[in-house]
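S.K.: Structure, please.
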Amino acid sequence: MELGRDLNVNATIAPLYYLVHSITLTQKSALVSMPHGDSITPTT
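M.R.: Numbering: from 1, shown residues only. Purely as a prediction, here's the structure:
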């Protein structure tokens, strides 16, 4: 029963973890692109 419960928890958390992971990746790429835009603006 414990194993079945763990599998159910993993099946429930996995999509949420993937969603959070993809969101953090999007925020990271946004943070990375922002300084580039700021550094390009003063030089131009």
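S.K.: Can you pull out the low-pLDDT segments for the chain?
M.R.: Filtered on pLDDT under 70, the chain yields the residue ranges 1-4, 31-44.
S.K.: All the helices of it, residue numbers only.
M.R.: Secondary structure of the chain (DSSP state H): helices at 2-43.
S.K.: OK, contacts around residue 19?
M.R.: Neighbouring residues of residue 19 by Cβ atoms under 8 Å, 6 or more residues apart in numbering: there are none. C-beta here means a position set from N, CA and C on the backbone, and glycine is covered the same way.
S.K.: could you measure it against residue 12, distance?
M.R.: As for residue 19, its distance to residue 12 is 12 Å (criterion: Cβ to Cβ, to the nearest Å).
S.K.: And for residue 29?
M.R.: To residue 12, residue 29 is 27 Å away according to Cβ to Cβ.
S.K.: swap in residue 27?
M.R.: Residue 27 is 24 Å from residue 12, by Cβ to Cβ.
S.K.: and if you look at residue 26?
M.R.: For residue 26, the distance to residue 12 equals 23 Å [Cβ to Cβ].
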